[in-house]
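Colleague: Got a sequence here, can you build the structure:
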Amino acid sequence: VTVGQALQGTTPGVNIINNTGQPGDNPTIRIRGVSSVNASASPLIVVDGVVFQGNLSAINPNDIASFNILKDASASALYGSRAANGVIMINTRTGKAGETRIELNTSFGISHRAVPEYNFTGAADYMKLAWEAARFEAEDINADNPGTIANPGQYASDKLTALDYLAYNPYGVANPIGPDGELVPGAELLWETDWEDAVTRDQAARQDISLSISGGNDKTRYFFSGSYLNQEGITITSSFERFAGRLNLETDLKDWLRAGMRTSISYSTQNYPGQSGNSFSNNIQYIRSMASIYPLYQRDASGDLILDENGEAVYDFGIKDNNRNVNTQRPVLNPSNLVATTRLNEYQRERFYSSVNAYLEGDITKELSFRTNFAVDSYLFDRFDYDNPENGAGENVNGRVKRQKNITNYWTWNNQLTYDKSFGEHNLNVTALAEMYNYKYEFLNAQKTGFPFIGLTEFNSGATLEDISGYTDHERLLSYMGRVSYNFRNRYF
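Modeller: Below is the predicted model:
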């Protein structure tokens with residue numbers, strides 16, 4: 001269960017959408033729809049009283065004690081315009097006085113597509129349908145110029161595997177479909193590619209291990225947890241791995257003074273193969289566009305596998321080979337082989353998140369109390385994209401490497417005074433709050449091409465600087481809030 005999945009169904013009007021299906025991706029969260037066309041529609045996320053700017057996948061769901069979703073005036077009253085799209089408040093677990101409690105949670109599971117893929121046409125039926133289309137072509141020619149093609153069925157059989165038509169022949173005979181539109185005797189199927197099986201995993205494994213230790217006495221309480229998550233995606237090579245730890249401490253320094261600290265750290269890596277764009281890069285579109293008669297690996301004119309100098313099969317990108325008049329120059333999605341580029345290219349996302357949140361609270365008088373809270377958070381995002389120089393998108397530029405680094409550092413300091421007094425059946429509560437928020441975001445992006453051979457992925461190996469850009473965003477916010485609450489007999493407010 002992810003944080004996004006844990007939120008689903010907890011409150012009416014909250015929609016959680018997993019856009020990509022990629023493990024570790026942030027879900028799209030909408031509270032009561034979209035409030036702006038141009039601005040962000042994402043809600044403000046607050047963890048243990050501090051605004052959270054990282055990826056939700058950094059949080060171990062087993063560390064969460066409770067959720068609270070603010071949707072209306074209550075949200076804007078606390079956080080102003082930042083709460084225009086609602087607020088999700090997350091409180092993490094704390095220790096309780098008593099014996100030490102040790103919890104170990106382990107789970108292992110597999111996932112697969114909830115909705116199965118369409119049934120695809122097999123090689124034999126595909127060849128027959130292509131033959132029929134060629135026969136219709138011949139009949140159209142005869143309709144305009146009678147007698148031009150004496151035998152439309154034979155015309156279709158001869159045209160079927162020509163370079164200007166299907167170009168590939170998965171059978172062991174020259175013309176596998178006869179003039180009657182049926183497989184000829186002795187036609188043996190040499191290959192039939194299941195592109196869905198080649199591009200996706202039928203069963204994606206997920207392993208989650210979480211250990212927590214909590215306890216304390218009348219003065220001090222503690223909660224410690226460590227977790228490990230390893231999850232595969234449906235697409236080959238896609239995965240997400242996370243290590244996370246948390247330490248929450250609370251102590252009573254005096255009868256009237258309390259202190260606490262909440263710390264967390266998370267490191268994750270994500271293999272992120274391309275899953276968007278056109279049919280050349282979109283997995284699902286590719287599966288639906290590539291017929292089973294087109295092989296995963298190159299085949300010679302006889303249909304045998306073509307091997308490299310190491311005896312390994314060579315991926316077929318559909319590129320024309322002048323030495324062959326069949327099984328070359330694929331007419332669809334040329335040049336491409338999504339299985340090859342997914343395995344040979346690298347698309348990685350690396351994230352590191354740390355947070356230290358300390359507070360001090362006490363009672364000045366019986367009715368007047370204070371709380372001061374200071375938190376420092378850091379979030380590092382590192383993106384690495386590598387297109388190999390031998391095939392695919394990087395072939396024309398001799399390989400491409402793109403690196404992107406985002407560094408986010410912010411601290412929050414808030415101070416609160418609360419006056420709570422009862423006069424007989426009258427109850428009065430006055431709260432004053434001041435908060436300082438300092439945010440710094442650094443962005444750097446660079447891209448180079450011209451790598452001499454496959455496997456070199458460092459910028460020093462690239463010959464041409466294709467792009468470089470960067471900027472720093474620095475924001476500060478000073479906020480004040482006051483609230484007066486009165487009720488009579490806890491009934492009239």
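Colleague: In this protein, what helix or strand scores lowest on average pLDDT?
Modeller: Within the chain, confidence by mean pLDDT, DSSP states H and E is lowest for helix 73-79 among all helices and strands, at a mean of 69.
Colleague: that's a strand at I209, yeah?
Modeller: Yes - under DSSP: H, G, I helix; E, B strand; the rest coil, I209 sits within a strand.
Colleague: That one: neighbouring residues, count only.
Modeller: Using other C-beta atoms under 10 Å, I209 has 14 other residues around it. (Each C-beta comes from the backbone N, C-alpha and C, glycine too.)
Colleague: mind listing what it touches?
Modeller: Residues in contact with I209 (C-beta atoms under 8 Å, 6 or more residues apart in numbering) are L104, N105, T106, S227, Y228, L229.
Colleague: Just the terminal-to-terminal distance for stretch 291-305.
Modeller: Stretch 291-305 has an end-to-end distance of 18 Å (criterion: C-alpha to C-alpha, to the nearest Å).
Colleague: out of the contacts of I209, which are buried?
Modeller: S227, L229 (16 or more other C-beta atoms under 10 Å).
Colleague: Show me the contacts of I209 that map onto strands.
Modeller: Residues of the contacts of I209 located in strands (DSSP state E): L104, N105, T106, S227, Y228, L229.
Colleague: From W191, how far off is the third one?
Modeller: Yep, that's T106 we're talking about. 42 Å (C-beta to C-beta, to the nearest Å).
Colleague: A strand includes A138, no?
Modeller: No - counting by three-state DSSP, A138 is not found in a strand; it is helix.
Colleague: Could you check what's spatially nearest to it, not counting adjacent residues?
Modeller: If the residues on either side of it in the chain are set aside, A138 comes closest to P152, at 3.6 Å by C-beta to C-beta, 6 or more residues apart in numbering.
Colleague: wouldn't the one you found be in contact with A143 here?
Modeller: No - applying C-beta atoms under 8 Å as the test, P152 and A143 come out as separate, 10.7 Å apart.
Colleague: Show me which of those two is the more surrounded one.
Modeller: P152 (19 against 9).
Colleague: got the phi/psi numbers for that one?
Modeller: Dihedral pair for P152: phi -60, psi -30, per degrees, to the nearest 10.
Colleague: so who does it touch?
Modeller: P152 neighbours (C-beta under 8 Å, 6+ apart): R135, A138, E139, N142.
Colleague: Report the buried members of those.
Modeller: R135, A138.
Colleague: Looking at the contacts of P152, which is nearest E435?
Modeller: R135 (76.4 Å; C-beta to C-beta).
Colleague: Show me where the stretch 151-300 of the chain has its helices.
Modeller: Taking DSSP state H, counting those that start in this stretch, the helices of the stretch 151-300 of the chain run over residues 152-159, 195-199, 283-289.
Colleague: Let me have the ones you listed in CSV, extended by distance to P170 and mean pLDDT.
Modeller: Formatted as CSV, the helices of the stretch 151-300 of the chain follow (distance: least, C-beta to C-beta, whole Å; pLDDT from 0 to 100):
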stretch, distance to P170, mean pLDDT
helix 152-159, 15, 95
helix 195-199, 14, 94
helix 283-289, 17, 89
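Colleague: which element is the closest residue to A167 other than its chain neighbours on?
Modeller: Leaving aside its sequence neighbours, A167 sits nearest to Q329 (C-beta to C-beta, 6+ apart; 5.2 Å). Under DSSP states H and E, no helix or strand contains Q329.
Colleague: show me what contacts Q329?
Modeller: Here Q329 is in contact with L163, A167, G318, I319, K320, D321 (C-beta under 8 Å, 6+ apart).
Colleague: Near the fourth one, how many residues? Count them for me, please.
Modeller: The reference is to I319. Counted with other C-beta under 10 Å, residues neighbouring I319 total 15.
Colleague: And the third one, by the same measure?
Modeller: Using other C-beta under 10 Å, G318 has 20 other residues around it.
Colleague: my guess is it is in a strand, correct?
Modeller: No - per three-state DSSP, G318 lies outside any strand segment and is coil.
Colleague: Need phi/psi at the residue lying closest to it once chain neighbours are set aside.
Modeller: Leaving out its chain neighbours, the residue that sits closest to G318 by C-beta to C-beta, 6+ apart is R330, at 2.9 Å. Note on R330: backbone dihedrals following degrees, to the nearest 10 are phi -60, psi 130.
Colleague: and R330, what pLDDT?
Modeller: R330 is assigned a predicted lDDT (pLDDT) of 95.
Colleague: Appreciated, that's everything.
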